[in-house]
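Colleague: Got a sequence here, can you build the structure:
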Amino acid sequence: MDPTLVRERHLVRADRLKRGATAASLLGFAAFFGLAAQHVVRGASKSVRPAGSARQRAATARPTAYFDQQDNGFSFGDATSGLTPDVGPSAPPVAQTSVS
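Modeller: Coordinates of the predicted model:
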């Protein structure tokens with residue numbers, strides 16, 4: 001076979017593939033744009049909630065208190081919660097000698 005014809009056929013095929021990929025990209029973008037526009041139109045056509053909705057009343061009723069929030073800031077307990085009562089001397093810590 002003639003190398004010039006083979007090269008020409010490969011170039012034509014590559015050109016078709018590029019055009020097909022470009023067309024598919026444009027079609028996909030147009031579909032995505034259409035779906036986004038449809039979403040916006042449907043969202044705009046829904047009625048707006050009245051100003052005194054239940055969600056707004058619940059949000060303004062009181063602030064959220066977290067499990068570790070206290071009047072003076074945040075902590076996991078009061079100042080003495082980490083201290084143990086004096087029960088006498090305890091055994092010294094033992095060093096770990098091997099890992100299992």
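Colleague: use CA for all of it now, contacts and neighbours both
Modeller: Noted.
Colleague: if you count residues, which helix in this protein comes out on top?
Modeller: The helix spanning the most residues in the chain, taking DSSP state H as the definition, is helix 3-45.
Colleague: could you give the mean pLDDT of that helix?
Modeller: Averaged over helix 3-45, pLDDT sits at 94.
Colleague: same question, stretch 90-98
Modeller: pLDDT averaged over stretch 90-98 gives 77.
Colleague: Just the CA atoms of that stretch, as CSV, please.
Modeller: C-alpha atoms of stretch 90-98 as CSV (Å, rounded to 0.1, in the frame of the first residue of the first chain):
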residue,chain,number,x,y,z
SER,A,90,-0.8,5.7,93.9
ALA,A,91,1.5,3.1,92.2
PRO,A,92,4.1,4.6,89.9
PRO,A,93,3.4,4.1,86.1
VAL,A,94,4.8,1.0,84.5
ALA,A,95,6.8,1.3,81.3
GLN,A,96,5.7,-0.8,78.3
THR,A,97,8.4,-3.3,77.5
SER,A,98,7.0,-4.9,74.3
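Colleague: Can you list the neighbours in contact with it?
Modeller: Stretch 90-98 has contacts (Cα atoms under 8 Å, 6 or more residues apart in numbering) with no other residue.
Colleague: Likewise for stretch 31-46?
Modeller: With Cα under 8 Å, 6+ apart as the test, stretch 31-46 has no contacts from any other residue.
Colleague: what's the answer for stretch 1-17, then?
Modeller: With Cα under 8 Å, 6+ apart as the test, stretch 1-17 has no contacts from any other residue.
Colleague: in a strand, that's where Pro92 is, yeah?
Modeller: No. Using DSSP: H, G, I helix; E, B strand; the rest coil, the assignment for Pro92 is coil, not a strand.
Colleague: what's around it, how many residues?
Modeller: 6 (other Cα atoms under 10 Å).
Colleague: Which phi and psi values does it adopt?
Modeller: Main-chain torsions, Pro92, degrees, to the nearest 10: phi -70, psi 160.
Colleague: How about the one 3 residues further on?
Modeller: When read as degrees, to the nearest 10, the backbone of Ala95 gives phi -80, psi 150.
Colleague: Could you count how many residues lie near it?
Modeller: Counted with other Cα under 10 Å, residues neighbouring Ala95 total 6.
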